[in-house]
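Q: Make a model of this:
(3 chains)
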Amino acid sequence: MKADPEAIPQSLFRFRHAEKAAEQEAGAAAPSFWKDAWLRLCRNKGAVVSMLLLLIIVVVAFSAPALAPYDPNAQNVPRANLPPRIPGVGIPGLNGYSSLAGRPVDRYKLAGVPADTNYYFGTDEFGRDLFSRTLYGTRISLIIAFVAAVLDLTIGVAYGLTSAMKGGRVDTVMQRLLEILSGIPGLVLVVLILLVFSSGLFSIIFALAISSWIPMARMVRAQTLRIKNMEYVLAARALGTSEVRIALSHVLPNIAGIVVVRTMFSIPAAIFFETFLSFIGVGMKIPNASLGTLLNGGYKVFRIYPYQMWIPAAVLCAIMLVFNLFADGLRDALDPRMKE
Amino acid sequence: MKNRWLRFLGRRLLYMALTLWIIVTITFLLMSFLPGTPYNNQDKLTAAQLQVLNQKYGLNQPVWQRYLTYLNNILHGDFGISLQFSDQKVTTLLGNRVGVSMQLGIQAAVFGTVVGIVLGTIAAMKHNTWIDTFCSLFAIVGRSAPNFVVAVLLQFVFAVTLGVLPIGLWNEGFRSTVLPTLALSISPMADSARFIRTEMLEVLNSDYIEFARAKGMSELHLVVFHGLRNALIPLITILGPITVSLMTGSLVVENIFAVPGIGEQFTKSVLTNDYYTIMAMTILFSALLVVVIFLTDILYQIIDPRVRIGGDRS
Amino acid sequence: MAHVRLEVKNLSVSFSTFAGKVHAVRGVSFSLCDGETLAIVGESGSGKTVTCRSVMRLLAKNASIDSGEILLDGTDLLRLSEREMRQVRGNEVAMVFQDPMTSLDPTMKIGRQIEEAVTLHRKVGRREARSRMLELLRLVGIEDPERRSRQYPHEFSGGQRQRIVIATALACSPKVLIADEPTTALDVTMQAQIIDLLKDLQRKVSTSVIFITHDLGVVANVADRVAVMYAGKIVEIGLADEIFYDPRHPYTWGLLHAMPTLDTHMPSLYTIPGSPPTLTEPVPEGDAFAPRNAYALAVDEKYEPPFFKVSDTHYAATWLLDPRAPKAVLPEILAKRRREYLERRKRNAG
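A: So this is what the prediction gives:
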């Protein structure tokens, strides 16, 4: 406050030693790393929206058995290749009409489907309900994503941490092994594995276990080496803390942020992995629905019934996008390098 | 200095050879456990005919013997014969296709990374503006849309609907390469855009950029002369992953556009159990990747003055 | 009085951050004469670096200069366009940064980095730029400049790098050189060398220097005048002697008291209690130093002290200088130093 100095009462010109001691405490404590990160995440609109969408997708996909109107594998050939029909939506492409000889025709009437029976995403060449299949397919993709994340977090982190903490010869051997493993183009190897073992969910997971965790192991090793030589770790070591304890209580918490981000990025990669394999015909076994097999089936008839390809493609892209957006938001929130 | 280079090169070459040998071995073992037979008309074959064929292709020998023979053969450049295209040598079969895939891969890699670098740089320069958001969003969408979906979409829009470019096949020269190149380049584009953006942001926040700014340098000059110089060096490290994504991409993209490349051959061979062709291609892909990683290492040593082998490191 | 080179008038700078608006500089004014060295002293976060960056107009994107003028030979730098400002940077006002290890582009030969500074502002040929570069390297004491100019930054030690940075800054003989803690990142022997170099160069090339530091020991060596900053304001400004021997602001007392000297035989060093306030809105009213001030008056809580004139060159912003204020008792070391100084001055005058 600026005031005419003359106007200030004389009484204020006295020392206030006595009053001062209790009064002042250092400014508000800096928020902890995770709290800070959470706040940053919440400020990122894209991340918040994608987080919510992600939750919805997960809930919907895992309640597929309850939500799916039809058995995803039940064939009903007379009702094959029906276009999508969502009641109350008159938009061409979603109203059950598709063109026949240049004129829109109600396919449902043609196939003799009752008016109150709707296939929201249409049906495929065997008359299976694509909506139910998409729900189940999404669930498969999410299971694979979850497995990939777990593998990253277990094998990848453990490998990297061990290699960096042990150092010396152990590190050298482990690094050579990684170098060789990473020289193998993952997908090519996986295709071979899927050829040898019968294709299916288990084989895909097995293939993931072989190759997916390598980048994580490398990153964890690099980060551990960085942190291992920091003063506070040296101090802990000087106090006689065991290596395992140092790794778990000093190193791990400090790389947790980067590990989480990395995991989030490996999830869309794993989802892509399954769809890719199924698309080229070596992934999930045919009657089972996965986004990849749906795309594969859709692509075959895509010139005639484009919705059979676009719907699973859109769902796949949406899931990938949501995961990527969320991972990006997480990275911005957790990676101290990006701090402004 | 010379000696250190030689030692470095020698060690890297040794690892390359070792990696390739392990890959050959794994591939061979996996293929020898492969169920089913490689003959596409085996129902019509009698036991005696099968016997003759197995004899002919050496399939009735014990595994280890076949392994040694195979190793010996590939060392002499003989990858066997295709079991599908009877009696065509695998090397001839693939040789005709490698050039096509190479052209496609290089076109996609160059186009993708150049566009990616430009996008990433612009995003970093306009950090936290709508331009940055747009570029980043583009990169995320590019990363999220699987290349086969992009390929089908491009085919649908430009070939089926608009009819401005050929739907597929490799018979219209450059025009045929446009759509597959675009589809393949999405992934390297998204990767390098994201990578350059991060690197560039870090570089642009560094003291030496601030110091250069304090010299009175314009932003554009700064980004081109100091920013890109520093941000591009680490880009070398993602050359390997980019190669991998091009390889896997080519498996589907070539199929969708009916490009007579090795990617298309690989899927075809996988679906028909063509042993020798699959093995040769696995080795080819691996060798390509291993060589790219090797070149990446060398390039890094040459370009970055801080890690130069000969330099007196501080 | 000498020609006034640079004049900063009532400068206020704020940053918009997630936590709110931060007022980093709150109405700073000072002037810098031809060939003079002004030291700006303060703790980290006191606004000294922000003040100098404002002169260069090199502030972070979230910063805004809310008010004030920065006059260089009468031209207000804050009114220049970005293009005109580029002609000032490196040419008329140059800056040396804190950390020589990171101030140079690691991928470019140092010779080229210096040449670049020359060619940005002078229309000279390759050869001329090169000879100027070699001359600069020689000037800052780099031996064998022909060979060394072809080396990369990582091939130099910290002290040598700071010499190269200084050479770059001097490339166009700037009117004002801002040195932002140029010795903080160096070890002690290097510090002394760099300080000597700066003093030496100033004699040779006659630029005005603003020297930012938190180390009063360094200040005593180089500065003609000293400005002490606290919480975004200058709290005391005067000739170096006046600040060292006759300080009036309790914060300056604290800083001097906390400075180790050879004749302080104290069991432990004095420290100023607490830490500087965060200048997030709302900025606390009254004197920002009051909470840490052992000499705080009741008036400090509500009213910001104005500048009181001590001498023609010496001003301090503390209510202690108000005639109504009670008399403060200086720490013994400072009081002794002051007595000796006054005696000396009297002797010299008489």
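Q: Tell me the secondary structure at residue B:289.
A: Secondary structure assignment for residue B:289 (DSSP: H, G, I helix; E, B strand; the rest coil): helix.
Q: quick one: it and residue B:27, what's the gap?
A: Per Cβ to Cβ, to the nearest Å, residue B:289 is found 14 Å from residue B:27. To be clear about C-beta, it is placed using only N, CA and C from the backbone, and glycine gets the same treatment.
Q: ok, the closest residue to residue A:49 other than its chain neighbours - contacts?
A: With sequence-adjacent residues excluded and distances taken as Cβ to Cβ, 6 or more residues apart in numbering or on different chains, residue A:49 is closest to residue A:325, at 7.7 Å. Going by Cβ atoms under 8 Å, 6 or more residues apart in numbering or on different chains, residue A:325 touches A:46-47, A:49-50, B:140.
Q: Looking from chain B, tell me which residue of the stretch 51-200 of chain A is nearest.
A: Taking Cβ to the nearest Cβ, chain B has its nearest neighbour within the stretch 51-200 of chain A at residue A:183, 4.0 Å off.
Q: Name the nearest residue to that residue, sequence neighbours excluded.
A: What sits nearest to residue A:183 in space, not counting adjacent residues and going by Cβ to Cβ, 6+ apart, is residue B:19, at 4.0 Å.
Q: what's the neighbour count on the one you found?
A: Residues near residue B:19, counting by other Cβ atoms under 10 Å in any protein chain shown, number 23.
Q: now residue B:159
A: Residue B:159 is flanked by 17 other residues according to other Cβ under 10 Å.
Q: Do I have it right that it meets residue B:176?
A: No. The pair residue B:159 / residue B:176 is not scored as a contact, 10.4 Å apart, by Cβ atoms under 8 Å.
Q: if I look at those two, which residues touch both of them?
A: B:166, B:168.
Q: got the contact list for residue A:212?
A: Here residue A:212 is in contact with A:148, A:151-152, A:186, A:266, A:269-270, A:273 (Cβ under 8 Å, 6+ apart).
Q: What residue in the stretch 201-350 of chain C comes nearest to chain B?
A: For the stretch 201-350 of chain C, Cβ to the nearest Cβ, closest residue to chain B: residue C:210, 13.3 Å.
Q: how about low-confidence regions in the chain?
A: Looking at chain A here, since you left the chain open. Within chain A, the stretches with pLDDT under 70 are A:1-3, A:17-31, A:77, A:87-102, A:107-113, A:115, A:286, A:335-340.
Q: switch to chain B, that's the one I care about
A: The model of chain B has pLDDT under 70 over residues B:1-2, B:34-45, B:53, B:56-60, B:83-87, B:172, B:305-314.
Q: what about the helices in it?
A: Secondary structure of chain B, counting by DSSP state H: helices at B:2-32, B:47-57, B:63-75, B:90-125, B:130-144, B:147-154, B:174-204, B:207-214, B:219-222, B:228-235, B:239-256, B:262-271, B:275-303.
Q: Can you lay out the ones you listed as CSV showing distance to residue A:38?
A: Listed next are those as CSV, based on distance: least, Cβ to Cβ, whole Å:
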stretch, distance to residue A:38
helix B:2-32, 43
helix B:47-57, 63
helix B:63-75, 56
helix B:90-125, 26
helix B:130-144, 22
helix B:147-154, 34
helix B:174-204, 22
helix B:207-214, 31
helix B:219-222, 34
helix B:228-235, 30
helix B:239-256, 31
helix B:262-271, 44
helix B:275-303, 37
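Q: For residue C:105, which of the ones you listed is the nearest?
A: Proximity to residue C:105 (Cβ to Cβ) singles out helix B:207-214 among these, at 4.5 Å.
Q: anything in that closest one near chain A?
A: No. Legend: contact between helix B:207-214 and chain A by Cβ under 8 Å from any Cβ of the partner chain is lacking; minimum distance shown is 14.7 Å.
Q: name the helices or strands packed onto that helix?
A: Secondary-structure packing of helix B:207-214 (3 or more Cβ pairs under 8 Å, 6 or more residues apart in numbering or on different chains; DSSP states H and E): helix B:219-222, strand C:93-96, helix C:158-169.
Q: And the residue of the stretch 101-250 of chain C closest to chain A?
A: Proximity of the stretch 101-250 of chain C to chain A (Cβ to the nearest Cβ) peaks at residue C:250, 11.0 Å away.
Q: distance of that residue from residue C:319?
A: Taken as Cβ to Cβ, the span from residue C:250 to residue C:319 is 10 Å.
Q: Tell me which residue in the stretch 51-200 of chain A sits closest to chain C.
A: residue A:51 (19.3 Å).
Q: hang on, that residue packs against residue A:326?
A: Yes. Assessed by Cβ under 8 Å, residue A:51 is found in contact with residue A:326 at 5.6 Å.
Q: Which one of the two is surrounded by more residues?
A: Neighbour tally, residue A:51 and residue A:326, criterion other Cβ under 10 Å: the higher count belongs to residue A:326, 24 against 18.
Q: Can you tell me the closest non-neighbouring residue to the more buried one?
A: Spatial nearest neighbour of residue A:326, chain neighbours left out: residue A:50 (4.2 Å); criterion: Cβ to Cβ, 6+ apart.
Q: how many neighbours does the one you found have?
A: 23.
Q: Contact residues of the stretch 151-300 of chain C facing chain B?
A: C:152, C:154-155, C:157, C:165, C:168-169, C:171.
Q: Which among those residues count as buried?
A: The neighbour-count criterion (16 or more other Cβ atoms under 10 Å in any protein chain shown) marks C:152, C:154-155, C:165, C:168-169, C:171 among those as buried.
Q: Tell me which two in those are the farthest apart.
A: With Cβ to Cβ as the measure, no two of these lie farther apart than C:154 and C:171, at 21.7 Å.
Q: how about residue B:203, what does it touch?
A: Counting by Cβ under 8 Å, 6+ apart, residue B:203 touches B:209, B:226-227, B:230-231.
Q: Could you write me a ChimeraX select line covering just the buried ones among those residues?
A: Buried subset of the contacts of residue B:203, written as a ChimeraX selection, criterion 16+ other Cβ under 10 Å:
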select /B:209,226,227,230,231
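Q: and of the contacts of residue B:203, the nearest to residue B:116?
A: Among these, residue B:231 lies closest to residue B:116 (Cβ to Cβ), at 11.8 Å.
Q: okay, now the nearest residue to the closest one once chain neighbours are set aside: neighbour count?
A: Computed as Cβ to Cβ, 6+ apart, the closest residue to residue B:231 that is not its neighbour in sequence is residue B:199, at 4.0 Å. Neighbour count of residue B:199, defined by other Cβ under 10 Å: 21.
Q: quick one: residue B:199 and residue B:234 touch, right?
A: Yes. Applying Cβ under 8 Å, one finds residue B:199 in contact with residue B:234, separated by 5.6 Å.
Q: Tell me how many other residues crowd residue C:179.
A: Neighbours of residue C:179 using other Cβ under 10 Å come to 27.
Q: Confirm that it sits in a strand.
A: Yes. The assignment for residue C:179 (three-state DSSP) places it in a strand.
Q: what sits opposite it in the beta ladder?
A: Bridge pairing for residue C:179 (DSSP bridges) gives the partners residue C:96, residue C:211.
Q: check which helix or strand covers residue A:328.
A: Using DSSP states H and E, residue A:328 maps to helix A:307-334.
Q: Could you list the buried residues of that helix?
A: Buried-residue list, helix A:307-334, by 16+ other Cβ under 10 Å: A:307-313, A:315-317, A:319-334.
Q: ok, which residues in the stretch 1-150 of chain B are in contact with chain C?
A: Contact residues, the stretch 1-150 of chain B versus chain C (Cβ under 8 Å from any Cβ): B:127-128.
Q: Near chain A, which residues of the stretch 1-150 of chain B? Just list them.
A: B:15-16, B:18-20, B:22-23, B:26-27, B:30-31, B:33-35, B:136, B:140-141, B:143-146, B:148-149.
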